[in-house]
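Trainee: Here you go, sequence then predicted model.
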Amino acid sequence: MDAEFSAKIFQNPIILERILASVLDENYTIPNQYLRLVSKSFDHGYLSVLKKRNREIRIESMRASVFVNYEKVEIRKLVSYFKFLNSVVKVNVKFVVFGTGGLDLALRKPVHDAILNGLIKENYNSIEKVVGLTELCNGCSDCLRMSETCQEYGPIYPSFFENSKIPKHFDNLIINEPQLDWISNNSENLVYLENHLPLISCRNLTIAVSETRKNFINGEFVKTPMPRELVEMMIQKWKVKSVKINCRSMIRNNNHVKNNNREFITPFRLSDPFANTEKSKINFKLDHVELNLTESSQCVMGITSNVFDYYKIYINVIANIRRIFPTDYIKITGVNIQSSTLRQLFPVLSRLRETIYIENQPNLRVDVELFTTYKKSQFDKFHSFFATPDFYWKGQEHICTVEDSPISRVLQLFDGNRFQQGENLGKRISYKGKINNCVMNFDVLA
């Protein structure tokens, strides 16, 4: 009877697929291909699971290794694996994301070509999202071709500006700081600059900013500034609704260039003294601005600690964001802090409040995601630790509340050998100014 019952279960494709999906580790499907040999139904169920898990292809590079959807694949086997996904699994790839991890220079072209020749092949017109791939080729003609159908694309390179002639709308467009310099350096004046921006629109503009890119200015090496007029032109001409700033320690092609055309271009840095930053003349407000610090080494230290003098300049970042990008809502994401006790969180929150309030910020909401290594039992003590009566900060009276965080984040963390998936939950500590209506939400997650 048991054998008959088992046979019925394993012959039911829906039940079998659910069983396989539950027992196959999300990041360890490839080594379990032997399950295909059990029976035809197992083969079909395994391929169905693999197909669903590879609807979006995300490729990460760690040292000399490549991970496809967080599973390790030898570089020499990339093309054959992609062909397997195409011909056997019959994956219909629409999204291709290449992570920002370091990849040896000699491996960039082989990996880039493997993605094009083994995965995408002739299906250029079906691709809706290409992120990071252009960093391997500086925007080759094949990658540029995919931009014609993509909703999310980038980083964009000079070829994009030179060849994008047809009006198009993007959901998200990505540009790296060095390309902003290339565009402004090759412009004769502001009219020329505006006339050579493509006739496109995008809902969100993502700008990747390098923290270590230097320029020789006034006899010293300083952080390379960005061309403000160009950024504002993009926001206005492309009808941008929101901006995401990726603060990264390093960016591919992180070359130190000489900035030209400074007679009509205003340089700016997010770490500049905010009092020297003129308020934007953009006549509308962005829905929100996100400051992502997942790959930051300097800004994240500057706004969560006052230990390192060199990084203290980043205390200007919130004030500068609001002066350059008009908005009433700023999100700070990807903040990892080394805090194992609740008491260690106090100076972090104090520094963040100081960063937000370096300039009085009426009618501003700031949400900050803080990733910690806390245990669940520590979250049970949050209310008694952080919930306080009304208090004053920078002359402003605030209400403090502690509640469950509405945010849940599923992250993939590399442990040195493989990726491990984990869900992050936690508590929200909120401070609301009674008079200036400034709301600060700190979501502490683990």
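Mentor: Thanks, I have it. Residues are numbered from 1 along each chain as shown.
Trainee: now the strands: where do they sit in the stretch 101-250 of the chain?
Mentor: 129-131, 152-154, 168-176, 200-210, 214-217, 220-223, 226-227, 242-248 (DSSP state E, counting those that start in this stretch).
Trainee: Could you pull out the buried residues of the fourth one?
Mentor: Which is strand 200-210. 200, 202, 203, 204, 205, 206, 207, 208, 209, 210 (16 or more other Cβ atoms under 10 Å). For glycine as for every other residue, the C-beta is placed from the backbone atoms N, C-alpha and C.
Trainee: For residue 27, find the nearest of the strands of the stretch 101-250 of the chain.
Mentor: strand 129-131 (20.2 Å; Cβ to Cβ).
Trainee: Show me what that closest one pairs with in its sheet, parallel or antiparallel.
Mentor: strand 95-98 (parallel), strand 152-154 (parallel) (DSSP bridges).
Trainee: Against residue 200, how distant is residue 151?
Mentor: 12 Å (Cβ to Cβ, to the nearest Å).
Trainee: shared neighbours of those two, which are they?
Mentor: Here residue 151 and residue 200 share the contacting residues residue 170, scored by Cβ atoms under 8 Å, 6 or more residues apart in numbering.
Trainee: is it possible to export the strands of the stretch 101-250 of the chain to JSON lines including distance to residue 442 and mean pLDDT?
Mentor: Converted to JSON lines, these look like this (distance: least, Cβ to Cβ, whole Å; pLDDT from 0 to 100):
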{"stretch": "strand 129-131", "distance to residue 442": "29", "mean pLDDT": "97"}
{"stretch": "strand 152-154", "distance to residue 442": "29", "mean pLDDT": "97"}
{"stretch": "strand 168-176", "distance to residue 442": "27", "mean pLDDT": "97"}
{"stretch": "strand 200-210", "distance to residue 442": "23", "mean pLDDT": "96"}
{"stretch": "strand 214-217", "distance to residue 442": "33", "mean pLDDT": "66"}
{"stretch": "strand 220-223", "distance to residue 442": "27", "mean pLDDT": "64"}
{"stretch": "strand 226-227", "distance to residue 442": "28", "mean pLDDT": "90"}
{"stretch": "strand 242-248", "distance to residue 442": "19", "mean pLDDT": "97"}
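Trainee: The ones you listed: which one's closest to residue 282?
Mentor: strand 242-248 (10.9 Å).
Trainee: For the closest one, which helices and strands make contact with it?
Mentor: strand 200-210, strand 288-292 (3 or more Cβ pairs under 8 Å, 6 or more residues apart in numbering; DSSP states H and E).
Trainee: by how many degrees do it and strand 288-292 diverge?
Mentor: 10 degrees (axes from the mean of the first three to the mean of the last three Cα atoms, to 10 degrees).
Trainee: what's next to strand 242-248, contact-wise?
Mentor: Residues contacting strand 242-248 (Cβ under 8 Å, 6+ apart): 100, 172, 203-211, 235, 270, 286-296, 298-300, 321, 325.
Trainee: List the strands paired with the next helix-or-strand element following it, with their directions.
Mentor: Using DSSP states H and E, the helix or strand that follows strand 242-248 towards the C-terminus is strand 267-268. In the sheet, strand 267-268 lines up against strand 226-227 (antiparallel) (DSSP bridges).
Trainee: still on that earlier bit, deepest of the strands paired with strand 129-131, which one?
Mentor: Among these, strand 152-154 has the highest mean neighbour count (mean count of other Cβ atoms under 10 Å), at a mean of 25.
Trainee: Now do it: everything it contacts.
Mentor: For strand 152-154, using Cβ under 8 Å, 6+ apart, the contacting residues are 128-131, 134, 146-147, 170-175, 206.
Trainee: for those, which one is nearest residue 62?
Mentor: Nearest to residue 62 among the contacts of strand 152-154, with distances taken as Cβ to Cβ, is residue 131, at 17.7 Å.
Trainee: Make sure the closest one is actually in contact with residue 176.
Mentor: No. At 12.0 Å, residue 131 and residue 176 do not qualify as touching, with contact defined as Cβ atoms under 8 Å.
Trainee: out of those two, which sits in the busier spot?
Mentor: Ranked by neighbour count (other Cβ atoms under 10 Å), residue 131 and residue 176 place residue 176 first, with 25 against 21.
Trainee: That one contacts residue 155, doesn't it?
Mentor: Yes. Assessed by Cβ under 8 Å, residue 176 is found in contact with residue 155 at 4.5 Å.
Trainee: Need the max-distance pair from the contacts of strand 152-154.
Mentor: Longest span within the contacts of strand 152-154, Cβ to Cβ: 128 and 175, 19.1 Å.
Trainee: Counting neighbours around each, name which of the two comes out higher.
Mentor: Neighbours were counted for residue 128 and for residue 175 using other Cβ under 10 Å; residue 175 has more, 21 against 16.
Trainee: which non-adjacent residue is nearest the more buried one?
Mentor: Sequence neighbours aside, residue 156 is the residue nearest to residue 175 in space, at 5.2 Å (criterion: Cβ to Cβ, 6 or more residues apart in numbering).
Trainee: picking up where we left off before, so which of the helices and strands packed on strand 242-248 gets nearest residue 435?
Mentor: Closest of these to residue 435 is strand 288-292, at 23.3 Å (criterion: Cβ to Cβ).
Trainee: Name the next helix or strand following that closest one along the chain.
Mentor: Immediately after strand 288-292, counting by DSSP H and E, sits helix 299-304.
Trainee: which residues sit against that following helix?
Mentor: Counting by Cβ under 8 Å, 6+ apart, 211, 247, 270-271, 291, 293, 307-308, 311-315, 317-318, 332, 334-337, 348, 351-352, 355 sit against helix 299-304.
Trainee: In strands only, show me these.
Mentor: 247, 291, 332, 334, 335, 336 (DSSP state E).
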